[in-house]
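J.: got a predicted structure here, sequence first:
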Amino acid sequence: MKRFLTYFLLLTILVPGCNPDETIRVKDEEFFPLQNGFFQIYAVEEILYTAFNPPEELMYELKAEIVDSFTNGEGGTTYVIHRSTRNNPGEPWSFMETWSARRTNQYAIETEGNTSYIKLVFPLQSGARWNGNLLNALGEDEYEIQSMGSSFETGNGISFSNCTVVNQNNESNLVFKDERMEVYSPGLGLVFRESKVWSYNCSGGTCSGQINSGRYLKQVLKEHGQN
């Protein structure tokens, strides 16, 4: 009996946090992975609306690959991302543009061309709100973490686990629609993006509900890896 009590006390000292109901929190930075050679391949659906032409529907693959990194002026690391497209699997990739990304203790930042957006704020908390345009000259754009820790279904039979869902905007009226969201999963980064941004035909104070100009975009992660 004494031996059992001694063993029990020793075990309690060695594993004080061992609780079968306790879940281990994923590190925030895992939702925005940055490492040389890391790549993501997405299936993309896009519809472009213009005033005098029928909608242009596009379907293609997008590859985002971290090809280089350097020390930035803040003392952190900036990662260089090459974005390429192809119409079908098996075709060669066609280079499209260069973006970059970096993390600080407070933000996950993606720079699209010369425009920087704050994609996530740390620590990640459901209900957190911030100005996604804080680091650029555009108008204020409030982002919000809509949910955390749940699986997310993309609508085509693909689902991702332990997701952080960011609502970038959810505004719609008779004149325009601006609905944007992004979903992040640990180790994968951005797994889903959907954007509906357009204006409706309006004349004489009346709007028809017909789209005049704008863009629809749906982007779903289909492959990722490390070169």
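T.: Nice, thanks for sending it over.
J.: and the helices in the chain?
T.: Along the chain, counting by DSSP state H, helices occupy 2-14.
J.: where does it have low pLDDT?
T.: Applying pLDDT under 70 to the chain flags residues 1-25.
J.: those strands in this protein, which residues are they?
T.: With DSSP state E, the ranges of strands along the chain come out as 38-50, 53-71, 77-86, 94-103, 107-112, 115-121, 129-131, 142-153, 159-172, 176-185, 189-203, 206-226.
J.: closest to Phe32 out of those?
T.: When the strands of the chain are compared for distance to Phe32 using Cβ to Cβ, the nearest one is strand 107-112, at 3.9 Å. Every C-beta, even on glycine, is put in place using the N, C-alpha and C of the backbone.
J.: in that closest one, what's buried?
T.: For strand 107-112, a neighbour-count test (16 or more other Cβ atoms under 10 Å) marks 107-111 as buried.
J.: same question, stretch 33-41
T.: For stretch 33-41, the neighbour count (16+ other Cβ under 10 Å) marks 33-34, 38-41 as buried.
J.: how many neighbouring residues does the closest residue in space to Lys222 that isn't next to it in sequence have?
T.: Of all residues not flanking Lys222 in the chain, Ala43 sits nearest, at 5.1 Å (Cβ to Cβ, 6 or more residues apart in numbering). Counted by other Cβ atoms under 10 Å, the residues lying close to Ala43 total 18.
J.: quick one: contacts for Ala43?
T.: By Cβ atoms under 8 Å, 6 or more residues apart in numbering, the residues touching Ala43 are 59, 61, 219-220, 222.
J.: would you write a ChimeraX line that selects the buried entries of the residues you listed?
T.: In ChimeraX, this line selects whichever of these come out buried by 16+ other Cβ under 10 Å:
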select :61,219,220
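J.: how close does His224 get to Leu58?
T.: Going from His224 to Leu58 by Cβ to Cβ, to the nearest Å gives 22 Å.
J.: those two: which has the busier surroundings?
T.: His224 (16 against 12).
J.: list the buried residues of stretch 83-97.
T.: Of all the residues in stretch 83-97, those buried under the rule 16+ other Cβ under 10 Å are 84-85.
J.: check the offset of it from the chain's centre.
T.: Taking Cα atoms, centre = their mean, to the nearest Å, the mean C-alpha location of stretch 83-97 is offset from the chain mean by 20 Å.
J.: may I see the buried residues of stretch 167-176?
T.: 167-169, 176.
J.: and stretch 184-201, by the same measure?
T.: So, applying 16+ other Cβ under 10 Å, buried residues of stretch 184-201: 184-186, 188-200.
J.: specify the beta-bridge partners of Pro71.
T.: Not Pro; residue 71 is Thr. When assigned by DSSP bridges, Thr71 has beta-bridge partners Thr77.
J.: returning to what we had before: most widely separated two among the buried residues of stretch 33-41?
T.: Longest span within these, Cβ to Cβ: Leu34 and Ile41, 17.2 Å.
J.: beta partners of the residue nearest to Tyr107 when sequence neighbours are not counted?
T.: In space, and not counting its chain neighbours, Tyr107 is closest to Ile118: 4.9 Å by Cβ to Cβ, 6+ apart. Ile118 has these beta-bridge partners by DSSP bridges: Ile109.
J.: start at 46, not 1
T.: Sure, I'll start counting at 46 from here, so that last one is Ile163.
J.: distance of the spatially most central residue of the chain from Glu185?
T.: Nearest to the geometric centre of the chain sits Leu235, at 3.6 Å (Cα atoms, centre = their mean). Leu235 sits 23 Å away from Glu185, going by Cβ to Cβ.
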